[in-house]
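**Student:** predicted model follows, preceded by the sequence.
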Amino acid sequence: MLRRLSRVLPRWIKSPVRDAVQRYRLRVAIARLVELPRGEVPGAALLEALSRAWGNDGFSANLPFLVEVATQAARAEAPILECGSGLTTIVLGLLAGRRGIPVHTLEQMPDWFARISTVLQRYCIPGVHLHLTPLIEYGSFEWYELPKVEWPSEFRLVICDGPPNLGGRYGLLPLVGTQLPAGAMILLDDATDPAEILVRQRWQAERRLREEIHEGRGRAYAVLTLDGQRCAGNSAT
């Protein structure tokens, strides 16, 4: 039906119609997530429908990573840190924020920050504290400027999909590592990209951690579980 309409509608009206259809699909997928009992992990089919409705192909989380994020968010019992906003922000709010678990999300792009803020407000997604914060230099690396607000003393789950600059994800441990206790988990997207392999190697040299790599179609993610000790002879600067 929609394809037939696409062929007969004039070009100037196709884009608004397409946007309206996408918003409708997103609203339906979010409503289905809200209907789940709190603490229940959504199935892959529902998350795939949510991902298709979200769009942003090539940048948003792929399905295996999204399933992992949803699984951990549904189980989380402590504040969550998210580096880079997007579809995962919506999932975290619906599965953790709705249970009273705060989600702190760092985003450096004003336009994207505005889009995510609009979605959170439009669909009444609770629990997400979205911080617009620029990337700044910290000596040998660049990372988000830490928000100048009071935020949790510790995080037990980190969704790490930013910053997007080369090697930019490294700054997480030097800057937030003291707030990540033993047993804290980092979900690192694009884990086998050359830049992220280097990031993982630097982290492993500075903090003991267990690492699981999950290969997917064209992309991989890592589940990193932190030990409580730093590796001897290494610094975080």
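**Tutor:** Nice, I can see it.
**Student:** check the most centrally placed residue in the chain and give its pLDDT.
**Tutor:** Most central in the chain under CA atoms, centre = their mean is Thr88, positioned 4.2 Å from the mean C-alpha point. Here, the pLDDT recorded for Thr88 equals 96.
**Student:** for stretch 140-149, measure first residue to last.
**Tutor:** The first and last residues of stretch 140-149 sit 25 Å apart, counting by CA to CA, to the nearest Å.
**Student:** can you pull out the residues in contact with that stretch?
**Tutor:** If you take CB atoms under 8 Å, 6 or more residues apart in numbering as the criterion, stretch 140-149 is touched by 83, 104, 106, 108, 131, 133-136, 163, 165, 167-168, 170-172, 174-176, 237. All C-beta spots, glycine's among them, are computed from the backbone N, C-alpha and C.
**Student:** for it, the distance to its chain's centre please.
**Tutor:** How far stretch 140-149 lies from its chain's middle: 17 Å, per CA atoms, centre = their mean, to the nearest Å.
**Student:** same thing with stretch 65-72?
**Tutor:** Remark: stretch 65-72 is offset 10 Å from the chain centroid, using CA atoms, centre = their mean.
**Student:** could you list the buried residues of that stretch?
**Tutor:** Of the residues in stretch 65-72, Phe65, Leu66, Val67, Glu68, Val69, Ala70, Gln72 count as buried by neighbour count, 16 or more other CB atoms under 10 Å.
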